[in-house]
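>>> Okay, predicted coordinates and the sequence, questions at the end:
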Amino acid sequence: MKLSHIALGAALAVAACGTAFAAMMDHSVMVGGAPMYPSRNIVQNAVNSKDNTTLVAAVKAAGLVKALEGKGPFTVFAPTNEAFDMLPKGTVPTLLEPKNKAMLTSILLYHVVPGDFTFATLRADIEGHGGMVKLPTLDKGQDLTLRMNGPHNIEVVDEKGNVAQIETYDVNQSNGVIQVIDRVLMP
């Protein structure tokens, strides 16, 4: 191997370590291979996550970018691409059509709760309410139900009884927090 290839490899390794170190120093969480910086808002971070490209496309199609860049605080239960892939075939393209904007908006707002709900806050609320708490969403005040499933696992239950697991907790943002979930919730 040529010395220049070794030097290039070493430089790339140092750069990757530097990015990881910087992410650790500012308390960011890695989601979809990208650091989620607490100094950025929900949209500024989400657009960098390879695991949330479908969610970002849906937020853009629904015209919710400005709202999620707003002051907040918001807690977003953010479904991964895999969660969207679990929906019946053709659902996502249909929802992204302009004629279905109202339905898409409703579904997306159902994933957003006003307030800054970290794992610790959610756990305390759940335990303080007998093992289950209902949180009103931005979708016409419809509720999500949250409950513990083990010492460090919170489940989110939608109005239809579908259960999502929080996969990544406390992705702090400048205007709230993201809790990454494994299912799309339906109002």
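Arrived safely. Numbering: from 1, shown residues only.

>>> residues touching the spatially most central residue of the chain, list them.
Of all residues in the chain, the one closest to the mean position by CA atoms, centre = their mean is residue 78, 2.8 Å from it. Counting by CB atoms under 8 Å, 6 or more residues apart in numbering, residue 78 touches 46, 52, 55, 111, 178, 179, 180, 181. From N, CA and C alone the C-beta is placed, and that goes for glycine too.

>>> what sits up against stretch 129-144?
Defining contact as CB under 8 Å, 6+ apart, one finds that stretch 129-144 is touched by 74-75, 77, 106-107, 109-115, 117, 122, 125-126, 145-148, 156-159, 185, 187.

>>> pretty sure residue 43 is touching residue 52, no?
No. Using CB atoms under 8 Å, residue 43 is not in contact with residue 52, being 10.7 Å away.

>>> if you count what's nearby, which of those two comes out ahead?
residue 52 (27 against 20; other CB atoms under 10 Å).

>>> Distance-wise, check that one relative to residue 160.
22 Å (CB to CB, to the nearest Å).

>>> Check which helices and strands the lengthiest strand in the chain sits against.
The longest strand of the chain (DSSP state E) is strand 163-173. For strand 163-173, the contact count by 3 or more CB pairs under 8 Å, 6 or more residues apart in numbering; DSSP states H and E identifies strand 29-31, strand 34-36, helix 42-46, strand 74-79, helix 119-128, strand 154-157, strand 176-181 as packing neighbours.

>>> Can you give me the buried ones in stretch 82-100?
Neighbour counts over stretch 82-100 (16 or more other CB atoms under 10 Å) mark 83, 84, 87, 92, 95, 96 as buried.

>>> Turn those residues into CSV, including secondary structure and distance to residue 134.
Formatted as CSV, those follow (DSSP: H, G, I helix; E, B strand; the rest coil; distance: CB to CB, whole Å):
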residue, secondary structure, distance to residue 134
83, helix, 22
84, helix, 25
87, coil, 24
92, helix, 28
95, helix, 25
96, coil, 30
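
>>> surely residue 181 meets residue 165?
Yes. Here residue 181 lies in contact with residue 165, judged by CB under 8 Å, at a distance of 6.7 Å.

>>> Which residues does the host helix or strand of residue 108 contact?
Per DSSP states H and E, residue 108 falls inside helix 101-109. Helix 101-109 is contacted by residues 58-59, 61-64, 95-96, 137-140, 184-187 when judged by CB under 8 Å, 6+ apart.

>>> what do you get if the cut-off is 7 Å, keeping everything else the same?
Residues outside helix 101-109 that contact it (CB atoms under 7 Å, 6 or more residues apart in numbering): 58, 59, 61, 62, 64, 95, 96, 137, 138, 139, 186, 187.

>>> Among those residues, the buried ones, what's the PyMOL command?
Buried subset of these, written as a PyMOL selection, criterion 16+ other CB under 10 Å:
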select buried, resi 58+59+61+62+64+95+96+137+138+139+187
